[in-house]
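Participant: Pasted the sequence and its predicted model underneath.
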Amino acid sequence: MSLLVLFNSPPIPGFDVARTRVNEYPPMRQYLLATTPGGRTYRWGEDGTEVDQVLDDLSDSDSVPGGYKEATGRLARKPGIDYRDMQRGTRLEIFGAGQLKVWEGRLERAPRSSGDILAMEPAAVGYETHLTDDNSVQEIFIDGDLTAWGEPSTRYRASNPAVQANTHSEVQLLPAGDPAAGGVAAISHSWTSMDNRGGAEPDYAGNWYDGGGVPLGRVLLDWVNIRGIGVGDTNWLNIIGAGASDNGTTALFDFNGTTTTGKDIAVPEDRYFLEIYDHYGPAFFGNGNWQAQWRNVKVLGRHGLTLQGTWPNVGLLASDVIAYALGRWAPFVKFSTGTTGTIRPTAFAIPQLTFKEPTTVAEVLAQATRFELSEWGVWNDQTFYLNPRGEREGRKRWRARVRPAQLEETGQQMDRVWNGVIVQGQDVDGTAVTVGPPGSGYRLTDARLLDSDPLNPANQVAGLRRWVKIQLNGIATVAGMVEAGSAFLEQTKLLDGSGRATLTGYVEDDSGKLWPYYCVHAGDLIEFVDSSIPGYRYIVSAQRSRASKSVSIDLDAPPDSYEALMERLNAEILSRGL
């Protein structure tokens, strides 16, 4: 039998070369290149010329989100020898027919095994793990959490008697929905009496923001003169200031009694604290009614990312956040941006995303993608991809039959089907907020939390209301709650197509061409042409085995799909069947 291998298909982004197109079965041989941190390359394979370079029991895997996951194998090695190709951090690349790269990662460990065979079993992980290498990630992308604005520090109070004695002022956090706050959350400073005779000045009303060691870049807000404060009266100070410590700030802007909407204020370098305060300067004694409010306060770090949306409903795109985080804290990962880049632009403007405590790029990714549940992964050449589910450039479409693929379908289950979701979360003022579908009876409703798709099994029973309540963890604005709830409805509908299958030997693509089993990857699509469920299904994970020449795939969602989905949303189910 002759072999005809064609290389005239265009290169596939995310993979070194085009996946090998064949008219006849190609050989199944694979080999691995190991490049040490010092730059020296070794070859391991079934056809190795040296005994200790013969690779056996090769297996590797990938998943979405994530990309390449793990790879293991076995090499015949003698004990007591320090092999130069077994240095931790060595880059491992697995190739198939036609120099097709099908996996890459870095060597994590090389444990020895003994018994009848002396061997080393190198274990590698994909470069997704690089996203957890640096645990010093801190950034305030956008913080509208008004509960983060606290009282002045003890040190500041001790050095400022006027602040220490502010008994005549009232500082309140007014929750969203309170008519006194104009329907939005606000920090309110008010007085019904003042006594600052003799320079005592006990009329200070102020709040402080601690950036947690993160340098601050901008602050946006509305300042509202509710009553009593003279416009243009220089005796009044309505100031936002910034400081390097909690013991004092320098004024950035004085509103001077003038109601202002959407004020955007730059913060100088090396400032980690903000102070907002209202204060009347001259000696005065008497009763009255004075009040100022600070609304829609949003703090940004020095990342320089462009805000999206219309004030005050502004936020940042996950695609911009992720590109910034990768560029700053994951130097070994490559990417490009824009509509033709490997990081595709996202659409939802994230209104709250803050990391004051040290964390990792992986955590930034998890929080930034939980609203749209985009597909992401680190693939060939350590390149990061972010795209809508199933739309990574270069992904393949496969065809198979149920019986040869040993398809095991989870099957349709009514307890996994919903046509409405109620979302509960903690708003920026610290209060619990609930958003439901129209007709839920809640004050806040949104039509996106109701699924009217006629193909949804819950809608095929007239009058059936299958609603579920979920709780989002952390600060969750109303916009974020609606986006997460809508994503929940879309993702749970996919669970009916979930299952597992095993593809052995060669796999057919949608144009009828055959490919080796190791060409099937997570993020690809597959259709079982004789299944009762029509259409293509999404491959969420793939585990390839050289020993069995097969790839085991999970479809749409693994068996623990609810747990995986809720983990990505950073949420939990509170009650079912509402």
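Facilitator: Cool, the structure landed. Residues are numbered from 1 along each chain as shown.

Participant: I'd say residue 333 and residue 132 touch.
Facilitator: No: Residue 333 lies out of contact with residue 132 (Cβ atoms under 8 Å); the separation is 11.8 Å. C-beta here means a position set from N, CA and C on the backbone, and glycine is covered the same way.

Participant: In terms of neighbours, single out the busier of those two.
Facilitator: Neighbour totals were compared for residue 333 and residue 132, and residue 333 leads with 18 against 14 (other Cβ atoms under 10 Å).

Participant: Tell me how many other residues crowd the nearest residue to the more buried one once chain neighbours are set aside.
Facilitator: In space, and not counting its chain neighbours, residue 333 is closest to residue 384: 5.0 Å by Cβ to Cβ, 6 or more residues apart in numbering. Close neighbours of residue 384, defined as other Cβ under 10 Å, add up to 26.

Participant: Pairing partners for the helix or strand where residue 526 lies, with directions?
Facilitator: Per DSSP states H and E: residue 526 is located in strand 525-528. Here strand 525-528 has these sheet partners by DSSP bridges: strand 397-400 (parallel), strand 536-545 (antiparallel).

Participant: what about the residue nearest to residue 333, which SS state?
Facilitator: With DSSP: H, G, I helix; E, B strand; the rest coil as the basis, the three-state label of residue 384 is strand.

Participant: Can you spell out which helices and strands pack onto the longest helix anywhere in the chain?
Facilitator: Secondary structure of the chain per DSSP state H: the longest helix is helix 478-493. Packing partners of helix 478-493 (3 or more Cβ pairs under 8 Å, 6 or more residues apart in numbering; DSSP states H and E): strand 420-426, strand 432-436, strand 467-475, helix 561-569.

Participant: Just the buried residues of the second one, please?
Facilitator: Taking 16 or more other Cβ atoms under 10 Å as the neighbour-count basis, strand 432-436 is seen to contain the buried residues 433-436.

Participant: ok, residue 343 - contacts?
Facilitator: By Cβ atoms under 8 Å, 6 or more residues apart in numbering, the residues touching residue 343 are 319, 322-323, 335-337, 384-386.

Participant: Closest to residue 506 out of the residues you listed?
Facilitator: Ranked by distance to residue 506 (Cβ to Cβ), those are led by residue 385 at 26.3 Å.

Participant: is the closest one in a bridge, and if so with what?
Facilitator: Beta-bridge partners recorded for residue 385 (DSSP bridges): residue 377.

Participant: Look up how far residue 62 lies from it.
Facilitator: 12 Å (Cβ to Cβ, to the nearest Å).

Participant: Next, show the common contact partners of these two.
Facilitator: In contact with both residue 385 and residue 62: residue 377, using Cβ under 8 Å, 6+ apart.

Participant: List the residue ranges of the stretch 401-550 of the chain that fall below the pLDDT cut-off.
Facilitator: Applying pLDDT under 70 to the stretch 401-550 of the chain flags residues 410-415, 495-497.

Participant: need the helices for this protein, in chain order.
Facilitator: Taking DSSP H as the test, the helices found in the chain are 154-159, 161-164, 318-329, 361-368, 478-493, 561-569.

Participant: now the angle from the fourth one to strand 467-475?
Facilitator: For the pair helix 361-368 and strand 467-475, the angle between their directions (axes from the mean of the first three to the mean of the last three Cα atoms, to 10 degrees) equals 130 degrees.

Participant: and if you look at the third one?
Facilitator: Between the axis of helix 318-329 and that of strand 467-475 there is an angle of 40 degrees, by the same axes, to 10 degrees.

Participant: Can you give me the end-to-end span of stretch 531-547?
Facilitator: Across stretch 531-547, the terminal residues are separated by 28 Å (Cα to Cα, to the nearest Å).

Participant: So which bits of it are buried?
Facilitator: So stretch 531-547, judged by 16+ other Cβ under 10 Å, has buried residues 531, 536-546.

Participant: Distance to residue 503 for those - can I get that in a markdown table?
Facilitator: Below are the buried residues of stretch 531-547 laid out as a markdown table (distance: Cβ to Cβ, whole Å):
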| residue | distance to residue 503 |
| --- | --- |
| 531 | 14 |
| 536 | 15 |
| 537 | 13 |
| 538 | 15 |
| 539 | 10 |
| 540 | 15 |
| 541 | 13 |
| 542 | 9 |
| 543 | 11 |
| 544 | 10 |
| 545 | 11 |
| 546 | 14 |
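
Participant: Specify which member of these is nearest to residue 66.
Facilitator: Nearest to residue 66 among those: residue 541, at 8.7 Å, using Cβ to Cβ.

Participant: which one is the closest one nearest to, not counting chain neighbours?
Facilitator: residue 63 is the one closest to residue 541 (Cβ to Cβ, 6+ apart), at 3.9 Å.

Participant: these two touch, right, the one you found and residue 70?
Facilitator: No: using Cβ under 8 Å, residue 63 is not in contact with residue 70, being 9.7 Å away.

Participant: if we can go back for a sec, among the strands paired with strand 525-528, which is nearest residue 148?
Facilitator: Checking the strands paired with strand 525-528 against residue 148 by Cβ to Cβ gives strand 536-545 as the closest, at 36.6 Å.

Participant: and the closest one, how far out from the chain's middle?
Facilitator: 22 Å (Cα atoms, centre = their mean, to the nearest Å).

Participant: Go ahead and name everything in contact with it.
Facilitator: 58-64, 69, 102-103, 389-390, 397, 494, 497, 499, 517-518, 520-528, 550-558.

Participant: so the lengthiest strand in the chain versus helix 318-329, what angle?
Facilitator: Using DSSP state E, we find that the single longest strand of the chain is strand 285-301. Computed by the same axes, to 10 degrees, the angle separating strand 285-301 from helix 318-329 equals 80 degrees.

Participant: I'd like the average pLDDT over strand 285-301.
Facilitator: Averaged across strand 285-301, pLDDT comes to 94.

Participant: now it: how far from the chain's centre is it?
Facilitator: With Cα atoms, centre = their mean, you get 34 Å for strand 285-301.

Participant: Over to stretch 482-490?
Facilitator: In terms of Cα atoms, centre = their mean, the gap separating the centre of stretch 482-490 from the centre of its chain is 15 Å.

Participant: How about that stretch, which residues are buried there?
Facilitator: Of the residues in stretch 482-490, 482-489 count as buried by neighbour count, 16+ other Cβ under 10 Å.

Participant: what would those look like in a markdown table with distance to residue 252?
Facilitator: A markdown table is the format used below for the buried residues of stretch 482-490 (distance: Cβ to Cβ, whole Å):
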| residue | distance to residue 252 |
| --- | --- |
| 482 | 34 |
| 483 | 32 |
| 484 | 34 |
| 485 | 38 |
| 486 | 38 |
| 487 | 38 |
| 488 | 41 |
| 489 | 43 |
